[in-house]
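Visitor: Provide a 3D model corresponding to the input given below.
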Amino acid sequence: MASRAVPNVCIKPGNAPPPDILFGRSATMGALRKKVDKIAATNVPVLIQGENGTGKEVLARYIHANSPFCSGPFIKVYCAAIPGTLLESELFGYQKGAFTGAYARRPVRGHAVALHDEQESSR
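Guide: All right, here's what the predicted structure looks like:
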């Protein structure tokens, strides 16, 4: 299976690590946290890039858990497992008749999606 919904619980006291653990206490990380909290409160797409093991998914989960969409699913998609021709419909859904085999409408699966590239998914 190329993607799956991951259970999500909105952050409540005691449900997630304290922000000090996620962001530390330095001024630079404090500034990053302010930006991330501001982003989380909006309905805009966010692209998080970085090397393997730098916490991209942790940050994506933090943003999702602090967003207005936190009651919806957090979906992880392993892009290497999906043929390029199907990736767009996997991420954005499709209308009935949009292509051969689209017998019914398939809506977008959620507001939060974590994409993993080929290198990460081969672990």
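
Visitor: only C-alpha atoms for contact and neighbour calcs from this point on.
Guide: Noted.

Visitor: Give me the neighbour count for Gln49.
Guide: 10 (other Cα atoms under 10 Å).

Visitor: Need the pLDDT of it.
Guide: pLDDT, Gln49: 84.

Visitor: That one reaches Lys56, doesn't it?
Guide: Yes: with contact defined as Cα atoms under 8 Å, Gln49 and Lys56 form a contacting pair (6.9 Å).

Visitor: Where does the prediction get shaky in this protein?
Guide: 1-18, 109-123 (pLDDT under 70).

Visitor: in it, which spans are helices?
Guide: Counting by DSSP state H, the chain has helices at residues 19-23, 27-40, 56-65, 84-92, 118-121.

Visitor: which helices and strands sit right next to the fourth one?
Guide: Spelled out, it's helix 84-92. Helices and strands touching helix 84-92, by 3 or more Cα pairs under 8 Å, 6 or more residues apart in numbering; DSSP states H and E: there are none.

Visitor: Pull out the buried residues from that helix.
Guide: Residues Leu87, Glu90, Leu91 are the ones in helix 84-92 that count as buried (16 or more other Cα atoms under 10 Å).

Visitor: Let me see the contact set for Val36.
Guide: The neighbours of Val36, taking Cα atoms under 8 Å, 6 or more residues apart in numbering as the test, are Ile63.

Visitor: separation between it and Asn52?
Guide: To Asn52, Val36 is 20 Å away according to Cα to Cα, to the nearest Å.

Visitor: what's the answer for Ala104, then?
Guide: Taking Cα to Cα, one finds Ala104 at 37 Å from Asn52.

Visitor: Gln95 now?
Guide: Counting by Cα to Cα - Gln95 and Asn52 are separated by 35 Å.

Visitor: can you count the residues close to Val44?
Guide: Neighbour tally, Val44, other Cα under 10 Å: 8.

Visitor: likewise Phe99?
Guide: 9.

Visitor: same deal with the one 4 residues further on?
Guide: With neighbours defined by other Cα under 10 Å, the count for Tyr103 comes to 11.

Visitor: Not counting its neighbours along the chain, what's nearest Phe23?
Guide: Excluding the flanking residues, the one nearest Phe23 by Cα to Cα, 6 or more residues apart in numbering is Met29, at 5.5 Å.
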